[in-house]
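Asker: Fold the following, please.
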Amino acid sequence: MERTALITGVRRVGRFVAEGLLRRGYNLAVVYRSSEEVVGEIRNTADSLGRKFVAVRADLSRGVRYGELVDRVVSELGGIDAFVHLASPYRRSPLETLTPEDLDYHMGPIAEAFLFLSLEVYRVMLRNEGTVKGRIVAFGDWAVETPYRGYTAYFIAKGALHTAVKVLAKEFAPHVLVNCVALGPTLKPEDLEEGIWHRVIKNTPLKREVPLEDVVNLVIFLLEAEGITGEIIRLDSGRHIAGSGTGSLV
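Answerer: Here you go, the predicted structure:
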């Protein structure tokens, strides 16, 4: 039986998740803002595997018509079995210079889009057969409970996302499962110095980045399990047990 996944945010980690889902047998819809080259590479993977693929360009930070977006996916791919939300800006916003625009910049794609896309996807998933009719996976952050300094708006938005996962898990039960991967250091942020990144990795108990294979495998597990919902699973090379040190990124 064919399965279809909708995924937001494919520029970095999302690309590997998308390709992992294609290899697992999913048809795929991706929502992207500006990553045309990456989307083209994912499309090539889909074509080589004989999977159906659709790309929807949308800026999740600005007035998206979530229902229309989901309806387009359904019209082209026939339904939705899984929703994986990775869309997440990550920009410094020190508390002393914080603006409403900083909060909007993060809250829209991270939390608002997750909430309203999930509501639309849930409506579609209820048409599916079986007791478990669909699964939703969000990507949070290991440091929501012990945030480091300088990223105020980002962590407030991720905290809202974590709360939304728990709320929706209860509201969508028993037919749709909702869980979260609280990711730790996996791919170096493009604007982060190499030396700082090495110090971040050194501060993890495992002294290594989270393997992308682990990320893909955990997502696939959560998209196929039947007995887990409302969980926020930290995948962070043990970073959370090391604490936040001086309270900064490093």
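Asker: For the longest helix along the chain, report the contacting residues that lie outside it.
Answerer: Counting residues, the longest helix in the chain under DSSP state H turns out to be helix 152-172. The contact list for helix 152-172 (CB atoms under 8 Å, 6 or more residues apart in numbering) reads 88-91, 93-95, 98, 102-103, 105-107, 110-111, 114-115, 118, 122, 136, 138, 140-141, 143-144, 147, 177-180, 182, 229-230, 232. Backbone N, C-alpha and C define where each C-beta goes, glycine included.
Asker: List the buried residues for that helix?
Answerer: 152-162, 164-166, 168-169, 172 (16 or more other CB atoms under 10 Å).
Asker: With stretch 220-240 instead?
Answerer: Applying 16+ other CB under 10 Å to stretch 220-240 flags 220, 222-223, 229-240 as buried.
Asker: between the residues you listed, which is nearest Gly20?
Answerer: Ile220 (6.6 Å; CB to CB).
Asker: Ignoring the adjacent residues along the chain, who's closest to that closest one?
Answerer: Leaving out its chain neighbours, the residue that sits closest to Ile220 by CB to CB, 6 or more residues apart in numbering is Arg24, at 5.7 Å.
Asker: And what about the residue lying farthest from the centre of the chain, helix, strand or coil?
Answerer: Here the chain reaches farthest from its C-alpha mean at Glu96, the gap being 28.6 Å by CA atoms, centre = their mean. Three-state call for Glu96 (DSSP: H, G, I helix; E, B strand; the rest coil): helix.
Asker: got it, and Leu6?
Answerer: Looking at Leu6 with three-state DSSP, the answer is strand.
Asker: Just the pLDDT at it, thanks.
Answerer: Leu6 carries a pLDDT score of 98 in this model.
Asker: swap in the one 10 residues further on?
Answerer: The per-residue pLDDT reported for Phe16 equals 97.
Asker: Check which helices and strands the strand or helix carrying it sits against.
Answerer: Using DSSP states H and E, Phe16 sits within helix 13-24. Judged by 3 or more CB pairs under 8 Å, 6 or more residues apart in numbering; DSSP states H and E, the packing partners of helix 13-24 are strand 3-8, strand 26-32, helix 36-49, strand 82-85, helix 212-222.
Asker: from those, which stretch is densest packed?
Answerer: Using mean count of other CB atoms under 10 Å, the stretch among the helices and strands packed on helix 13-24 with the largest mean neighbour count is strand 82-85, at a mean of 27.
Asker: name the helices or strands packed onto that strand?
Answerer: Using 3+ CB pairs under 8 Å, 6+ apart, strand 82-85 sits against strand 3-8, helix 13-24, helix 113-125, strand 134-141.
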